[in-house]
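In: Quick one, fold the following:
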Amino acid sequence: MVRPLVAVIGRRAAQVPILRFSATLAAEAICEAVWAAGGEPVVLHGPAADPLAEMPGRIARFDGVLLPGGADVDPGRYGATPVPETCGVVEFQDELDLGVTRAVIDLDLPALVICRGMQILNVALGGTLVQHVVETDTAHHNGVHPVHVKRGSRLHAIVGAQTIDASSYHHQAIDRLAPGLAVCGLAADGVIEAVEHRHADLVAVQWHPEDRHATSETDAALFADLVDRARKRKESR
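Out: Below is the predicted model of the structure:
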């Protein structure tokens with residue numbers, strides 16, 4: 001069986017010193033997870049000269065898209081002034097990810113977006129972000145913590161449970177939810193951990209399922225679901 005093509009959006013080097021995040025290691029783990037789920041991962045980079053001009057046509061060639069984690073989103077994108085903790089902003093990466101996100105929604109491509117990807121999704125649709133999440137005693141966003149999954153949501157259908165463990169390392173999060181999105185996962189302190197698009201074929205999680213895809217059934221299920229949706233798209237063409 002021919003594997004469906006899944007575009008994994010490339011990352012420019014950026015440092016996020018307050019987190020234990022490596023874009024290179026994350027990309028490797030994501031490609032391994034997509035392959036293990038039966039997909040053909042293809043890392044897609046945008047040309048620095050103009051990352052958006054040909055993006056809809058380039059994305060349309062794929063059966064599915066995965067938008068990974070990365071550095072902070074420029075607060076100016078949602079009308080805010082940077083706080084001291086905001087770091088690692090890459091203008092080119094913001095342009096690329098926003099362009100990819102809008103193309104994915106316009107084309108209704110199967111997509112899974114992770115961490116920064118979920119934040120970009122919210123900003124692309126008109127939402128805002130919390131620039132620095134303050135840790136509490138009930139939820140730790142730099143480690144493994146429980147996430148409550150909304151019953152009846154697409155995420156619930158994918159993972160088959162109302163409470164799951166998630167491997168997170170993020171200090172930004174959704175603040176004002178964008179129109180068109182629905183919350184389907186929450187941390188104990190109320191931080192939004194997963195959303196889904198009300199119409200497009202898209203699921204987004206704030207955590208990093210690539211960390212534990214080989215050992216966690218719920219994390220592996222997210223990649224299996226993406227590849228399954230991509231395969232159906234491929235077969236319907």
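
In: And the nearest residue to residue 213 once chain neighbours are set aside, which helix or strand is it part of?
Out: Distances taken as CB to CB, 6 or more residues apart in numbering place residue 33 nearest to residue 213, at 4.0 Å, with adjacent residues excluded. (Glycine included, C-beta is placed from N, CA and C.) Assigned by DSSP states H and E, residue 33 belongs to helix 23-36.

In: chain center to that helix: distance?
Out: Chain-centre distance of helix 23-36: 13 Å, with CA atoms, centre = their mean, to the nearest Å.

In: what's the answer for stretch 42-59, then?
Out: The answer for stretch 42-59 is 18 Å, by CA atoms, centre = their mean.

In: Tell me which residues are up against that stretch.
Out: For stretch 42-59, the surrounding residues in contact (CB atoms under 8 Å, 6 or more residues apart in numbering) are 5-10, 27, 31, 62, 65, 92, 95-96, 99-100, 103-104, 106-107, 109.

In: how long is it end to end?
Out: 11 Å (CA to CA, to the nearest Å).

In: Let me see the mean pLDDT of the helix holding residue 33.
Out: For helix 23-36, mean pLDDT is 83.

In: Residues in contact with that helix: which ones?
Out: 6, 8, 10-11, 13-14, 40-41, 43, 66, 68-71, 114, 208-211, 213-214, 220, 223, 226-227.

In: In PyMOL, how would I select the buried members of those residues?
Out: The buried residues among the contacts of helix 23-36 can be selected in PyMOL (16 or more other CB atoms under 10 Å) with this line:
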select buried, resi 6+8+11+14+40+41+66+68+69+70+71+114+208+209+210+211+213+220+223+226+227
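
In: Among the contacts of helix 23-36, name the ones in helices.
Out: 220, 223, 226-227 (DSSP state H).

In: and those as CSV, adding distance to residue 166 and pLDDT?
Out: Below are those laid out as CSV (distance: CB to CB, whole Å; pLDDT from 0 to 100):
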residue, distance to residue 166, pLDDT
220, 13, 97
223, 15, 98
226, 17, 98
227, 20, 98
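
In: tell me which helix or strand of this protein sits lowest on mean pLDDT?
Out: Lowest on mean pLDDT, DSSP states H and E among the helices and strands of the chain sits helix 23-36, with a mean of 83.

In: Now it - C-alpha only, CSV.
Out: Extracted as CSV, the C-alpha positions of helix 23-36 are listed here (Å, rounded to 0.1, in the frame of the first residue of the first chain):
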residue,chain,number,x,y,z
ALA,A,23,13.3,21.8,17.0
THR,A,24,15.7,19.4,15.4
LEU,A,25,15.0,16.5,17.8
ALA,A,26,11.3,17.2,17.7
ALA,A,27,11.3,17.1,13.8
GLU,A,28,13.1,13.7,13.9
ALA,A,29,10.6,12.3,16.5
ILE,A,30,7.6,13.6,14.5
CYS,A,31,8.9,12.0,11.2
GLU,A,32,9.4,8.7,13.1
ALA,A,33,5.9,8.9,14.5
VAL,A,34,4.3,9.6,11.1
TRP,A,35,6.3,6.8,9.6
ALA,A,36,5.3,4.4,12.4
